[in-house]
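J.: fold the following, please.
(chains A and B)
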Protein chains: 2
Amino acid sequence: MNTVKYNTITTNPEMEACELANHIGETVRLHGAVYKIRRMSGFAFVLLRMRDAVVQCVYSEESASFPLNLLAEEACVRLTAEIVAEERSRTGYELRLKNAQVLSAPYEELPIVINQKKVNTSLENLLDYRPITLRNEKERAIFRIQAAICTAFREFLNMEHFTEIHSPKIAAIGAEGGANIFKLPYFGKEAYLAQSPQFYKQMMVGVFERVFEIAPVFRAEKHDTSRHLNEYTSVDFEMGYIESFEEIMAAENRMLIHCTAFLKEHCEAELALLGCTLPEIGEIPHIPFAAAKEWIAGSCHRKITDMLDFEPEEERLLCGLVKKETGSEFVFVTHYPSAKRPFYAMDDPQSPEKTLSFDLLFRGLEITTGGQRIHSYEEQLQKLHARGMHEELFEGYLMLHKYSVPPHGGLGLGLERFTAQLLGFENVRSTALFPRDLHRLMP
Amino acid sequence: MNTVKYNTITTNPEMEACELANHIGETVRLHGAVYKIRRMSGFAFVLLRMRDAVVQCVYSEESASFPLNLLAEEACVRLTAEIVAEERSRTGYELRLKNAQVLSAPYEELPIVINQKKVNTSLENLLDYRPITLRNEKERAIFRIQAAICTAFREFLNMEHFTEIHSPKIAAIGAEGGANIFKLPYFGKEAYLAQSPQFYKQMMVGVFERVFEIAPVFRAEKHDTSRHLNEYTSVDFEMGYIESFEEIMAAENRMLIHCTAFLKEHCEAELALLGCTLPEIGEIPHIPFAAAKEWIAGSCHRKITDMLDFEPEEERLLCGLVKKETGSEFVFVTHYPSAKRPFYAMDDPQSPEKTLSFDLLFRGLEITTGGQRIHSYEEQLQKLHARGMHEELFEGYLMLHKYSVPPHGGLGLGLERFTAQLLGFENVRSTALFPRDLHRLMP
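T.: Numbers count the residues shown, from 1 in each chain, chains lettered A, B, ... in the order given. So this is what the prediction gives:
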């Protein structure tokens, strides 16, 4: 029998963009998609979209063995080029094309221009043509940064002894309850899509003490706003043996510091391309919900109309006030009213109409909800009953409390919201690869 | 305003099990769940289930300031103990309990014994009581290893320049088509749950060249076997600019070598607990499907009844033959018949009734399906039409081919199946945290 040559280097014998500067004077092989052709007098610039960057090649009839019209924009090619030292170039070298092999050519012209600095079109169009608009250098930078955010989060969570879990997305009951759940028929039964891994991560605290999951969640909310998606990626963690819910906030604070340091190291080019300035994160300030409400009302001369929650405008105003007073672009709001928090939230023993919970606001938007959970079986039953909920429906979940779980809490962070706030996008759809909303189910 | 003390070390001032040996002679604090109490004459052993291991403490009335009956099995506790050198102990020390604080106690006795070497019960029971049976030392070791497998895969894929993506799980059309899709109502439209990220990872090859995703997929298959789950975690990658589909197999070969090396380094205790021997992975042998069929028939005196696919028994027999001949516990089977592969599979130019595809079998079971995909727009249209499929339904997907994508291919590996084969479980439900099947939707 033959065997696979696993360590063959023919897998990718071509250069990465980042290696080119080390090979001045050599003739090298490259591959990528023709991003743009700029015809000049007597020569042309051919921009090649490589895996890691867009690089500029120079075409001239004298040095190239092929006609320029062999190359169409978006054609996928293998190229041979000589790397020649060139002081006037920003990179210190010039890539002179010698040979080209077209691997695949577009069938027709692109319906939308993607090779300008940015794709100049409506968000609707940008999303309708996502498979090709993502090829724009700035568009793809967003998602390379998003991938790095996940890598950074996981690195941090592994370092702090969290174990990764994979909880089911089809379930017999929704964690948050209410009307905002997608239902589906499941072999003659009715099932739901998970709104969060809440129950499962709590169960797993009894097993691993600290767990995390980065996975899709589903919300059938009918909100048609720039902040809502009906499917998004939730970064969830849950930790046991806490002595106060502030430990969860401290863990998130450390995670965010780790993340920005990681991005600074690994995504410099992408951040520069998007003109993004990373926030300086120190010790994030926190303020109780009620105090925040009053502060906003007092400072901004607004009437408080909703004592139980923030209006979006209030979140923006609060972030402005906090930034002015402390310099921080993040703020934890704590002690949300019990009435607005789920049945598993732990009430504050000092004032039971409030919960030991928090949201994290970043640049005017809530990106995280978290808090301490009830761990006592009797307390949990009592709260279920007080809300008119049926304990029979929560049999599996309540095993957790019945057979003892340590004091614990955790949080969920919306990956697309965090990315949007970090990179300065107004609409969370901009930072979802293929967003799902009230009107959008394709592509 | 106050700030969160992110770098406070009060978060987790207690010891991890792995640190104890470095603190002989000291009095330390620990936390965990009381796993088991063994009453001896005049003293007792208290096994504490800590985050990283189960450790044995010694209780005696002389050294402890609390009565033994303060501790119930599964109670979550903080303990103070003195670490005393003790030659007769396997660890070289003895943990003498001094103080105990009960953080949370079970409400009633456990309905199932979880603190024996293994949980002695049926698989059904094991799964019905998952929130507590997972607390068994061996049960949780399975999922610590599974988490490490994911970490190893991601580490490898990042190293080889793959970018992580998050593709939508709710979509307007199923990648594999057919009857095995879960449908759900979506704001007045009909939607489907993704059977695989196939279309999206192919689209993203045009953007990042190499992409991966580890995420749930959903299959409404009515198979009630030990190999099938209706929701599972799929490890998917897709790579562009390949010169042959064997490069994909070579990449998987490297990924598996990286994974076993990682497990050897990070999961020694868990592997030992489960009595698992990691496979030695060299260059994995490969054999064409038709040749494998004949080999099995000839060597095992079986009639070939299905020329298009393997029967489960044939997969087991083939693995036996391969192991005998080459020593390998893995085998790639290549060139599956076109009739059994999806419409995006690339046919072999030499014999178009076969595809440039492969499965990877491991210890008798298929754990991966992969292959090269069609990249030419016209070829893809032709194959769609030949199968009587409607191109209008694939508008978004076909943008990929229309506007040029490099030659590419990839694979999907079932995380639960791989874990099961690696650890020697006969039923894939054993390696899913909360499995979903025809009959199981809870817990």
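J.: okay, and residue A:333 sits in which element?
T.: Assessed by DSSP states H and E, residue A:333 sits inside strand A:330-334.
J.: likewise for residue A:255?
T.: Residue A:255 belongs to helix A:246-266 when elements are defined using DSSP H and E.
J.: could you give me the buried positions within that helix?
T.: Neighbour counts over helix A:246-266 (16 or more other C-beta atoms under 10 Å in any protein chain shown) mark A:246-260, A:262-263, A:266 as buried. In this view, the C-beta of every residue, glycine as well, is placed from N, C-alpha and C.
J.: picking up where we left off before, now for the helix or strand following the strand holding residue A:333, which elements pack on it?
T.: The helix or strand immediately downstream of strand A:330-334 is strand A:347-348, counting by DSSP H and E. With contacts taken as 3 or more C-beta pairs under 8 Å, 6 or more residues apart in numbering or on different chains; DSSP states H and E, strand A:347-348 sits against strand A:351-355.
J.: need the contact partners of the strand it packs on.
T.: Here strand A:351-355 makes contact (C-beta atoms under 8 Å, 6 or more residues apart in numbering or on different chains) with A:288-290, A:335-339, A:341, A:345-348, A:371.
J.: state the pair within the residues you listed that is farthest apart.
T.: A:290 and A:346 (17.7 Å; C-beta to C-beta).
J.: those two: who's more crowded?
T.: Between residue A:290 and residue A:346, residue A:346 has the larger neighbour count (other C-beta atoms under 10 Å in any protein chain shown), namely 24 against 17.
J.: isn't that one up against residue A:358?
T.: No. Using C-beta atoms under 8 Å, residue A:346 is not in contact with residue A:358; the gap is 12.0 Å.
J.: which neighbours do those two share?
T.: By C-beta under 8 Å, 6+ apart, the residues touching both residue A:346 and residue A:358 are A:245, A:371.
J.: can you give the domain ranges for chain A?
T.: Annotated domains of chain A cover A:17-104, A:137-431 [automatic domain parsing].
J.: so of those domains, which one's packed in deepest?
T.: domain A:137-431 (a mean of 19; mean count of other C-beta atoms under 10 Å in any protein chain shown).
J.: quote the end-to-end distance of that one.
T.: Distance across domain A:137-431, first residue to last, is 14 Å (C-alpha to C-alpha, to the nearest Å).
J.: ramachandran angles for the nearest residue to residue A:91 once chain neighbours are set aside?
T.: Nearest residue to residue A:91, sequence neighbours excluded (C-beta to C-beta, 6 or more residues apart in numbering or on different chains): residue A:21, at 6.5 Å. With angles defined as degrees, to the nearest 10, residue A:21 sits at phi -60, psi -20.
J.: residues touching residue A:332, list them.
T.: If a contact means C-beta under 8 Å, 6+ apart, then residue A:332 has A:249, A:284, A:285, A:286, A:287, A:358, A:359, A:360, A:361, B:4 as its contacts.
J.: for residue A:322, see how far away it is.
T.: Per C-beta to C-beta, to the nearest Å, residue A:332 is found 10 Å from residue A:322.
J.: now do the shared contacts for the two.
T.: Residues touching both residue A:332 and residue A:322 (C-beta under 8 Å, 6+ apart) are A:285, A:287.
J.: and what about the closest residue to chain B within the stretch 251-400 of chain A, helix, strand or coil?
T.: Chain B sits closest to residue A:396 of the stretch 251-400 of chain A, with a gap of 2.6 Å, by C-beta to the nearest C-beta. The assignment at residue A:396 comes out as helix when based on DSSP: H, G, I helix; E, B strand; the rest coil.
J.: for it, which non-adjacent residue is closest in space?
T.: The shortest distance from residue A:396 to any non-neighbouring residue, by C-beta to C-beta, 6+ apart, is to residue B:443 (2.6 Å).
J.: residue A:257 contacts residue A:281, correct?
T.: Yes. Counting by C-beta under 8 Å, residue A:257 does reach residue A:281; the two are 5.0 Å apart.
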